[in-house]
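>>> A structural model of the following input is requested.
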Amino acid sequence: MKNTKGLFAALIFFVTLTLCGYIEGKAAPVNKATKATQAARITNKAGKVSKKDRKQIEKYCSRVYPGYKVIITKADQLTDKQLCTRRNKNIIYVAAYNTKADSARAGHVTGGRFKNCYITYAHKAKAGGKYRTYWIYTPGTNSIDSIAAIVSGGKLK
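Okay, here's the model as predicted:
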């Protein structure tokens, strides 16, 4: 009996590989609609976003979370309810925070829910300069302060 179970499992595995096209050396067929959804769909509600920052946000989100919808908002427009109910909706929220640099690599947030919080930059900053940073919230949790990455100055941190 043991041999027949192993033989049956091997037969099922072989049939699965044949149907997928791997036995003949071909890759499995790719659905064009599925491939198109891999790119991040970005909705911008935050006003002007620089090309460098937008490119980094799109690159990160499409690589790490393919098929998710990305919504860029101003920090004060992002509510706790939106953050607490994002887990099963395939939505990534990106909040645009205005910051002021204290030194070459550090500064603080000047508005929004995290006002006066300390932040480090992914790029060199001029002390006293004002910068816009984008906080990419982790889509897999409902936690308010779960941040996956920060984009500033066209660089990802």
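>>> for Lys55, give me its contacts.
For Lys55, the contact set (Cβ atoms under 8 Å, 6 or more residues apart in numbering) comprises Gly154. In short, each C-beta sits where N, CA and C put it, glycine included.
>>> is it true that it lies in a strand?
No: secondary structure of Lys55 (DSSP: H, G, I helix; E, B strand; the rest coil): helix, not part of a strand.
>>> pLDDT wise, what is it at?
In this prediction, Lys55 carries a pLDDT score of 89.
>>> how far away is it from Tyr134?
According to Cβ to Cβ, to the nearest Å, Lys55 stands 12 Å off from Tyr134.
>>> what's the local residue count around the closest residue to Lys52 other than its chain neighbours?
Spatially, and ignoring its direct neighbours in sequence, Lys52 is nearest to Gly154 (2.8 Å; Cβ to Cβ, 6 or more residues apart in numbering). Gly154 is flanked by 14 other residues according to other Cβ atoms under 10 Å.
>>> try Ile91
Neighbourhood size, Ile91 [other Cβ under 10 Å]: 17.
>>> quick check: it touching Gly140?
No: no contact is recorded between Ile91 and Gly140 when judged using Cβ atoms under 8 Å, the distance being 11.1 Å.
>>> next helix or strand past the helix-or-strand element of the chain with minimal mean pLDDT?
Lowest by mean pLDDT, DSSP states H and E among the helices and strands of the chain is helix 32-36, with a mean of 41. As assigned by DSSP states H and E, the chain's next helix or strand after helix 32-36 is strand 41-44.
>>> and that following strand, what's its mean pLDDT?
76.
>>> export that strand as CSV, just CAs?
Taking Å, rounded to 0.1, in the frame of the first residue of the first chain, the C-alpha atoms of strand 41-44 are listed here in CSV:
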residue,chain,number,x,y,z
ARG,A,41,-1.5,52.0,-9.5
ILE,A,42,-0.9,55.4,-7.9
THR,A,43,-3.6,57.8,-6.9
ASN,A,44,-2.2,61.2,-6.0
